[in-house]
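S.K.: Give me a model of this one.
(one chain, ligands or ions: 3)
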Amino acid sequence: MDILTLKLRGMSCASCAKRIEKTILSVTGVSECSVNFGAEQAVVKYNPRKTNLNKIQSTVEAAGYSAYSLEDEDMMTGEDDAEKAVRLAELRNLKIKLAVAAVISILLIIGSLPMMIGVHLPFIPASLHNPWLQLILTTPVQFWCGYKFYINSWKALKSRSATMDTLIVLGTSAAYFYSLLATIFPAFFVNQGLMPEVYYETAAVVITLISLGKLLESRARGQTSEAIRQLIGLQARDARVIRGGKEIDIPIQEVRIDDIILVRPGEKIPVDGEVIEGNSTVDESMVTGESLPNKKVPGDEVIGATINKTGSFKFRATRIGKDTFLAQIVQLVQQAQGSSAPIQRLADQVTGWFVPAVISIAVVTFIVWFSVTRNLSLSLITTVGVLIIACPCALGLATPTSVMVGTGKGAENGILIKDATSLEMAHKIKMIVLDKTGTLTEGKPTVTDFVTVNGTANNNEMKLLQLVAAVERNSEHPLAEAIVNYTRSQQVNFPEAKDFQAFAGSGVQGVVKNQLVQIGTQRWLEELSINTSYFQQYKATWEAAGKTVVWIAVEGKIEGLMGIADALKPSSQDAVKALQKMGLEVVMLTGDNRQTAEAIASQVNINNIFAQVRPDEKVAVIKSLQGGRGRDKETRRQGDKETRRNKNFSFPTPHSPLPTPHSLVAMVGDGINDAPALAQADVGFAIGTGTDIAIAASDITLISGDLQGIVTAIKLSRATIRNIRQNLFFAFIYNVAGIPIAAGVFYPIFGWLLNPIIAGGAMAFSSVFVVTNALRLRNFHN
Ligand SMILES: Nc1ncnc2c1ncn2[C@@H]1O[C@H](COP(=O)(O)OP(=O)(O)OP(=O)(O)O)[C@@H](O)[C@H]1O
Ligand SMILES: [Cu+]
Ligand SMILES: [Mg+2]
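M.R.: Ligands and ions are numbered 1, 2, ... in the order given. Modelled structure (predicted):
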């Protein structure tokens, strides 16, 4: 199965999106397709052996739209020049037509003003009231300015469907042709006992207003994808590479992997790479959202599009083109913007049958009015009003535009939201589970204490350290790294270890110089029946200070104890406080010892702790906090399997009673060993520091390690959902209230009727309102 993202053109409203979706799905070999009207994109899942891009494209074209693939190459350059020229020409054309239509509409309104308000206005020339002149004025508006509506509805008709264009064409044509008959054969109407009234201004003004609405809407919609444009704009244009011993400036597209690139102070770093010479500080805020500049020394990674501050350095390019960190962010945000939120489902269902329903209502309106009143004009006016006001375009725009602005805003703050579903879920979170190491703490532990049973005589201390480091060198656990670094700093060389084994969440073992060395938790060593009744005082003091205590046994006997400290992130305290203030239950989940966990937890004011939880048990903890709920996504199933395999799992008791487990649970982890738990959680936040991010398992990635990002993400989600609700409410109310008024349901009671001109204005501005409201989200800040 391949996945393809298509850029679409020619859609006029949400029912077009539905139609394209159906069209693409009808292609054999396509299994899934979702079209996003706001982003003008389609995501297609297809079997490459049964179909291809060309076939899909030509099917879309046959339905009257155009589609082209978002090629990897263009992704970073945005639309190409030819594409842009076409769009600008179209825009100019639209503006000219609009200007013509507006001038004519004003003349027509002036001409029919005396009739409308029933007063004779001497300064208005009588000729403007002449139906023949009005006919001459209106005809170009109807067929030249309104040409697009005819074309679009004809295309829709050909594939046996109807869109908002159909409604506009039906409504305005009814007004136009009725007036035409009344102009040519007034006698016919008089004979029937009817006034030969004309409604030219209705047709012309409706077309003008809707065109104006479209123009404003497309302009506003252009701004919703501003975040992407800004991201792409961050890219450097060229790079100074060293080739053949010479420094040359080349465009960034020509940079190859392993090129050596020179960066001077104040310059943009062109691509991703690794520093090989020199050092500097780099402002990475545009990508990570983290405001403090980062120090860079040889061996450190640099990210393309970030800005070099103080020093000059050389680096080796490791990722270019679409593989760079920035390109991946752009791609991710684009995908998220194109996805649809569950909250949109209802609106989608409604728009699916909206147009046919409206046409039926219009027909019924006409029949009822005509048979009751025998008044052709009144029947016509109500029918046209229904056709015009009932357009569901605002409904189709309500969610996608807010999602686009919301996800873009996230990216601006260093928060990558995977899809609209995650964005929506985040506002419902009731409980948030924080991993300790690497999430609340820096994840860069250092050995602070080391004691041995036999004291320091005979260099005994260093000999033990040698054994420990020999084993730990084989482990990739952060604690192991701390121990190895400590050993190196003591200038101790260490031998090879044999039979290395790691026990997740417990410790490691290996054979060094024919001795079995075991390093890990007290619990584990006790399980191995090793007497751990030593060092009670040290253990208690270190743990109370929030240090991790690591036990060392050689040949089944305790020989030493290490205290390892991992500093709290500066942001942790405030972030936890903010989360609690938002009404969230904050829980800590860690593999570390209870006392250590408690010490850390008390520093940040967390009361609910799950300690000594093995990595494979974390999924089960999350699941039980969710009330044993299973999840539907594929990744979540993976998590379930994980727990089932672990049959002996007994649920660890939390420190204090937790609230009833039913709420939505979010998990925050460093994204590597916490992956299954992140996938199990309703919303998984991955802490991705630098370029080292595990986006796959999480729903939201915080590019910098700052926990404040969680607060921002939840606030952003809440703001977005509020915005969507406003939009949906407005869009629904507008249609729900507008249709009966236009149909004249209230006419007999209150004398309410909706002039089609007002209906046209309301319809045109409903979508402008929705998009403008979504753009308000751009002002979001936490
Ligand atoms: N390589 C190792 N060397 C020494 N001790 C280890 C090692 N691996 C695990 N341990 C012990 O097992 C405990 C649990 O490890 P685990 O990886 O599950 O959690 P953690 O990284 O300490 O905390 P968190 O769950 O918050 O990330 C550690 O606190 C440590 O005491
Ligand atoms: Cu519409
Ligand atoms: Mg860990």
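S.K.: When you work out contacts or count neighbours from here on, use the C-alpha atoms and nothing else.
M.R.: OK.
S.K.: Would you map the strands across the stretch 51-200 of the chain?
M.R.: Listed in chain order, the strands of the stretch 51-200 of the chain (DSSP state E, counting those that start in this stretch) span 66-69.
S.K.: In it, what residue comes closest to ligand 2?
M.R.: Per C-alpha to the ion, residue 164 is where the stretch 51-200 of the chain lies closest to ligand 2, at 5.0 Å.
S.K.: where does the stretch 101-250 of the chain have low pLDDT?
M.R.: Within the stretch 101-250 of the chain, the stretches with pLDDT under 70 are 114-124, 192-196.
S.K.: Residue of it closest to ligand 1, please.
M.R.: residue 231 (32.8 Å; C-alpha to the nearest ligand atom).
S.K.: was I right about that residue contacting residue 331?
M.R.: No. The pair residue 231 / residue 331 is not scored as a contact, 10.5 Å apart, by C-alpha atoms under 8 Å.
S.K.: returning to what we had before: roughly how far does the residue of the stretch 101-250 of the chain closest to ligand 1 sit from residue 91?
M.R.: 25 Å (C-alpha to C-alpha, to the nearest Å).
S.K.: Have a look at the two and say which one is more surrounded.
M.R.: residue 231 (21 against 15; other C-alpha atoms under 10 Å).
S.K.: can you tell me the helix or strand for the more buried one?
M.R.: In the assignment (DSSP states H and E), residue 231 maps to helix 226-233.
S.K.: Which positions in that helix come out as buried?
M.R.: 226, 227, 228, 229, 231, 232 (16 or more other C-alpha atoms under 10 Å).
S.K.: Need the CA coordinates for that helix. PDB is fine.
M.R.: The C-alpha trace of helix 226-233 is given here as PDB (Å, rounded to 0.1, in the frame of the first residue of the first chain):
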ATOM      1  CA  GLU A 226       1.000  30.800   6.700                       C
ATOM      2  CA  ALA A 227       2.800  28.700   9.300                       C
ATOM      3  CA  ILE A 228       4.000  26.300   6.600                       C
ATOM      4  CA  ARG A 229       5.100  29.100   4.400                       C
ATOM      5  CA  GLN A 230       7.000  30.500   7.300                       C
ATOM      6  CA  LEU A 231       8.600  27.200   8.100                       C
ATOM      7  CA  ILE A 232       9.700  26.800   4.500                       C
ATOM      8  CA  GLY A 233      11.000  30.300   4.500                       C
END
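S.K.: is it fair to say residue 4 lies in a strand?
M.R.: Yes. When DSSP: H, G, I helix; E, B strand; the rest coil is applied, residue 4 is found to be in a strand.
S.K.: what's across from the residue lying closest to residue 425 once chain neighbours are set aside in the sheet?
M.R.: Setting aside the residues directly before and after it, residue 425 is nearest to residue 683 in space (C-alpha to C-alpha, 6 or more residues apart in numbering), at 6.8 Å. Taking DSSP bridges as the rule, residue 683 bridges to residue 666.
S.K.: Quick check: mean pLDDT of stretch 666-677?
M.R.: Mean per-residue pLDDT for stretch 666-677: 77.
S.K.: Tell me which residues of it come out buried.
M.R.: Buried residues in stretch 666-677 (16+ other C-alpha under 10 Å): 666, 667, 668, 669, 670, 671, 672, 674, 675, 676, 677.
S.K.: what subset of those is also close to ligand 2?
M.R.: Checked against ligand 2 using C-alpha under 5 Å from the ion, these give no members in range.
S.K.: Relative to ligand 2, which of the residues you listed is nearest.
M.R.: When the buried residues of stretch 666-677 are compared for distance to ligand 2 (C-alpha to the ion), residue 666 comes out closest, at 38.9 Å.
S.K.: if I look at the closest one, how far off is residue 475?
M.R.: Taking C-alpha to C-alpha, one finds residue 666 at 29 Å from residue 475.
S.K.: which stretches of the stretch 601-750 of the chain form strands?
M.R.: Under DSSP E, counting those that start in this stretch, the stretch 601-750 of the chain gives strands at 608-610, 664-669, 683-687, 700-702.
S.K.: could those go into JSON lines alongside distance to residue 275?
M.R.: Output for the strands of the stretch 601-750 of the chain, formatted as JSON lines (distance: least, C-alpha to C-alpha, whole Å):
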{"stretch": "strand 608-610", "distance to residue 275": "40"}
{"stretch": "strand 664-669", "distance to residue 275": "28"}
{"stretch": "strand 683-687", "distance to residue 275": "23"}
{"stretch": "strand 700-702", "distance to residue 275": "24"}
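S.K.: Ok, which of these comes nearest ligand 1?
M.R.: strand 664-669 (8.0 Å).
S.K.: ok, residues contacting stretch 227-242?
M.R.: 76-78, 247-253, 255, 259-263, 268-270, 286, 304-305, 326-327, 330, 333-334, 405, 408-409, 411-412 (C-alpha atoms under 8 Å, 6 or more residues apart in numbering).
S.K.: From what I see, residue 304 and residue 323 are in contact.
M.R.: No. Using C-alpha under 8 Å as the test, residue 304 is too far from residue 323 to be in contact (10.7 Å).
S.K.: who has more neighbours, those two?
M.R.: residue 304 (24 against 14).
S.K.: and the more buried one, what element?
M.R.: According to DSSP H and E, residue 304 maps onto no helix or strand at all.
S.K.: Now the phi/psi pair for it, please.
M.R.: Main-chain dihedrals, residue 304, degrees, to the nearest 10: phi -60, psi 150.
S.K.: near ligand 1, which residues of the chain?
M.R.: By the rule C-alpha under 6 Å from any ligand atom, the part of the chain lying against ligand 1 is 435-437, 472, 475, 477, 479-480, 505-508, 519-521, 548, 550, 590-592, 614-615.
S.K.: Show me these that map onto helices.
M.R.: Under the assignment DSSP state H, those contribute 472, 479, 480 to helices.
S.K.: Return the member of these nearest to residue 160.
M.R.: residue 479 (66.3 Å; C-alpha to C-alpha).
S.K.: Show the pLDDT at that closest one.
M.R.: 89.
S.K.: Now do the same contact list for it.
M.R.: 445, 446, 564.
S.K.: Then residue 261?
M.R.: 239, 240, 241, 242, 314, 315, 316, 317.
S.K.: Which residue is the nearest non-sequential neighbour of it?
M.R.: Using C-alpha to C-alpha, 6+ apart and skipping the chain neighbours, the partner closest in space to residue 261 is residue 241 (4.3 Å).
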